[in-house]
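Engineer: sequence unknown, structure follows:
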Ligand SMILES: Nc1ncnc2c1ncn2[C@@H]1O[C@H](COP(=O)(O)OP(=O)(O)OP(=O)(O)O)[C@@H](O)[C@H]1O
């Protein structure tokens with residue numbers, strides 16, 4: 001499987017596309033995310049890692065408007081801290097969900113066409129854009145199949161296609177690789193790397209270390225809701241606190 005990092009780009013010279021500052025989320029007495037920052041630039045892949053319950057999904061949900069948070073999120077210089085989740089795709093932010101829920105009785109093409117309508121109100125255009133999107137994720141030959149008939153690897157690619165059809169500038173991927181067999185992992189890695197090379201900013205949560213370390217330009221490790229470490233994959237992987245809190249017991 002190809003998990004080598006892309007050639008290192010100096011992202012620091014690019015203007016951030018997404019900047020999150022001091023993000024905190026509380027559930028009752030549980031401070032699930034505590035004052036976490038993130039800066040994402042076009043073409044950059046940020047990997048979020050950390051032990052179970054570290055707050056990765058909650059941070060992800062906070063940035064995409066799915067849970068109440070404190071702190072600031074700027075997207076292309078615009079404050080979107082209070083923008084509801086349903087308005088973010090229109091601006092250029094899309095996400096996938098850990099448990100994909102397509103309309104099972106509809107076809108693959110119909111599911112992706114629903115997303116395409118956001119930017120292409122005419123049915124013919126929406127359909128044609130959906131077909132192009134399916135081509136990008138290698139699902140065009142399954143366009144007329146019902147979603148309920150797809151295997152896991154194809155369901156994951158459909159989940160990515162639904163988000164891509166929104167034509168995002170920033171894409172959040174929540175565990176789209178975990179559970180796939182090595183060829184399917186390699187295929188998804190190729191898709192994600194291609195999107196970044198086109199200039200999309202990507203934030204991904206993933207548990208498979210060799211995948212996240214190979215794909216990400218920058219890694220953030222959370223533990224108990226706080227940022228434990230961040231840096232290049234090499235810096236984070238060799239950080240003693242990260243090894244103690246997370247990597248030490250992980251044999252992936
Ligand atoms: N909706 C919720 N209501 C109450 N507590 C929650 C809720 N969602 C998450 N939590 C709590 O917030 C903390 C962070 O959970 P979160 O799911 O974000 O961690 P995670 O790093 O994504 O874990 P995993 O790797 O297992 O998916 C945990 O203590 C969890 O129990």
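Structural biologist: Perfect, I can see it now. Note that the coordinates shown come from a computational prediction; the quantities given were computed from them, not determined experimentally.
Engineer: how many other residues sit next to residue 93?
Structural biologist: 28 (other Cβ atoms under 10 Å). (Each C-beta comes from the backbone N, C-alpha and C, glycine too.)
Engineer: May I ask you to name the longest helix in the protein?
Structural biologist: helix 182-197 (DSSP state H).
Engineer: Report the buried residues of that one.
Structural biologist: Using 16 or more other Cβ atoms under 10 Å as the test for burial, helix 182-197 gives 184, 185, 186, 187, 188, 189, 191, 192, 193, 195, 196.
Engineer: check contacts around residue 66.
Structural biologist: By Cβ atoms under 8 Å, 6 or more residues apart in numbering, residue 66 lies in contact with residue 85.
Engineer: Double-check that it belongs to a helix.
Structural biologist: No: read with DSSP: H, G, I helix; E, B strand; the rest coil, residue 66 is coil and lies in no helix.
Engineer: Next to the ligand, which bits of this structure? Give me the list.
Structural biologist: Residues of the chain lying close to the ligand (Cβ under 6 Å from any ligand atom) are 27, 30, 32, 50, 52, 53, 54, 55, 56, 57, 58.
Engineer: Identify the residues contacting the strand or helix carrying the third one?
Structural biologist: In the assignment (DSSP states H and E), residue 32 maps to strand 30-40. Defining contact as Cβ under 8 Å, 6+ apart, one finds that strand 30-40 is touched by 16-26, 46, 55, 58-59, 62-63, 69, 71, 170, 201-203, 220, 222, 224-227.
Engineer: Weed out the non-buried ones from the residues you listed.
Structural biologist: Neighbour counting by 16+ other Cβ under 10 Å classes 16-20, 23-26, 46, 55, 58-59, 62-63, 69, 71, 170, 201-203, 220, 222, 225-227 among the contacts of strand 30-40 as buried.
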